[in-house]
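Undergrad: my questions concern the predicted model and sequence given below.
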Amino acid sequence: MSKLFTNAQQLLAAQGQDLGRTDWLLLTQARINLFAEATGDHQWIHVDPERAATGPFGACIAHGYLTLALANLFMPQLMQFANLAMGVNYGSDRLRFPAPVRVGSRVRGHGEILRVETLGQTLQAVVRISVEIEGSDRPGCVVDTISRYTFNPLEQ
């Protein structure tokens, strides 16, 4: 269940809020292969199941940046906006890949609003997204995303 924000005051008041978790997503070899095609990263640990089976992870693993990109998939499942003039990704801080994500794993996003600050008519929100791996104590990725949101003025 995503959290709906309809104005700046609601987002400002949500600082420190846990956004919960998304549904599970099965990470398939097909998704990994598509990412390899899109980025040109065809390293065998990602795309060669036979060789990867005898490698250090025992199977193909997702690219770290694929795991990071899932934050963009999970964010709208955690946060929704109405009455928004514009929202943009501004960047990220503190990116880590604590555990490999093996093909066939199920992952989900966990979100926390760390900070919200006012920048003129815009709000900047830092939201930590952890890509959790089912059955693992360590996430596949933890990133503090930075987004900027400008709400339409409220009608009087």
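TA: Yes, it's here. Residues are numbered from 1 along each chain as shown.

Undergrad: okay, now Gly55: neighbour count?
TA: The number of residues packed near Gly55 is 14, by other Cβ atoms under 10 Å. For the C-beta atoms, the positions are set from N, CA and C on the backbone; glycine is no exception.

Undergrad: and Phe151, by the same measure?
TA: The local packing of Phe151 (other Cβ under 10 Å) involves 22 other residues.

Undergrad: next: Ala69.
TA: Neighbours of Ala69 under the rule other Cβ under 10 Å: 16.

Undergrad: ditto for His42
TA: Applying other Cβ under 10 Å, we find 11 residues neighbouring His42.

Undergrad: leaving out the residues flanking it, which one is nearest to it?
TA: The shortest distance from His42 to any non-neighbouring residue, by Cβ to Cβ, 6 or more residues apart in numbering, is to Ala36 (5.1 Å).

Undergrad: next, the one you found: secondary structure please.
TA: State at Ala36, reduced to three classes by DSSP: H, G, I helix; E, B strand; the rest coil: helix.

Undergrad: who touches it in this structure?
TA: His42, His46, Val47, His63 (Cβ atoms under 8 Å, 6 or more residues apart in numbering).

Undergrad: host element of His42?
TA: Under DSSP states H and E, no helix or strand contains His42.

Undergrad: about what we covered before: dump the contacts of Ala36 to a markdown table, plus secondary structure, distance to Val142 and pLDDT.
TA: Below are the contacts of Ala36 laid out as a markdown table (DSSP: H, G, I helix; E, B strand; the rest coil; distance: Cβ to Cβ, whole Å; pLDDT from 0 to 100):
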| residue | secondary structure | distance to Val142 | pLDDT |
| --- | --- | --- | --- |
| His42 | coil | 26 | 97 |
| His46 | helix | 20 | 98 |
| Val47 | helix | 25 | 98 |
| His63 | coil | 16 | 98 |
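
Undergrad: I'd like those laid out as a markdown table, including distance to Leu25.
TA: Below are those laid out as a markdown table (distance: Cβ to Cβ, whole Å):
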| residue | distance to Leu25 |
| --- | --- |
| His42 | 23 |
| His46 | 17 |
| Val47 | 20 |
| His63 | 15 |
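
Undergrad: of those - the most surrounded one?
TA: His46 (22 neighbours).

Undergrad: now do it against Val143, distance only.
TA: Distance, His46 to Val143, by Cβ to Cβ, to the nearest Å: 20 Å.
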